[in-house]
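>>> What follows is a predicted structure for the sequence shown.
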Amino acid sequence: MESNWVDPDDAPEWTDEMFDAGEIRIGNKVIRPATGVLTKDGIRPIGRPPIGDAPKKQVTLRLDADLIDRFRASGKGWQSRINEALRKAAGI
């Protein structure tokens, strides 16, 4: 039988940086939201960093299901391909 158990003695030591980035709660009430995410390589800020001079904006857009299915079937990066198709249609 395969086990997923990990020896807690193998866990890394918590650093002040980890505690500083963590969320603080009392019960279900958030006292201070987290400012970072713990990864294998350390702490990284929450959220996607802006890329370039004109970062993308998140919007809600209703599209036909068959259109979304077609783009998703083309694999990873399908949202970027929709963006490219819209830019081309808009003449940008």
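Now that the structure is in, tell me what you want to look at. Numbering: from 1, shown residues only.
>>> Mean confidence (pLDDT) on the longest helix along the chain, please.
If you go by DSSP state H, the chain has its longest helix at helix 78-90. What helix 78-90 shows for mean pLDDT is 93.
>>> Take that helix, keep the C-alpha atoms, and write them as PDB.
C-alpha atoms of helix 78-90 as PDB (Å, rounded to 0.1, in the frame of the first residue of the first chain):
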ATOM      1  CA  TRP A  78      -6.700  29.700 -25.500                       C
ATOM      2  CA  GLN A  79      -7.600  32.900 -23.800                       C
ATOM      3  CA  SER A  80      -4.600  34.700 -25.400                       C
ATOM      4  CA  ARG A  81      -5.800  33.400 -28.800                       C
ATOM      5  CA  ILE A  82      -9.200  34.800 -28.200                       C
ATOM      6  CA  ASN A  83      -7.500  38.100 -27.400                       C
ATOM      7  CA  GLU A  84      -5.500  38.000 -30.600                       C
ATOM      8  CA  ALA A  85      -8.700  37.200 -32.600                       C
ATOM      9  CA  LEU A  86     -10.500  40.100 -31.100                       C
ATOM     10  CA  ARG A  87      -7.600  42.500 -31.800                       C
ATOM     11  CA  LYS A  88      -7.500  41.300 -35.400                       C
ATOM     12  CA  ALA A  89     -11.300  41.800 -35.800                       C
ATOM     13  CA  ALA A  90     -11.000  45.300 -34.300                       C
END
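>>> which helices and strands does it pack with?
Secondary-structure packing of helix 78-90 (3 or more CB pairs under 8 Å, 6 or more residues apart in numbering; DSSP states H and E): helix 65-73. For every residue, glycine as well, the C-beta is placed using N, CA and C.
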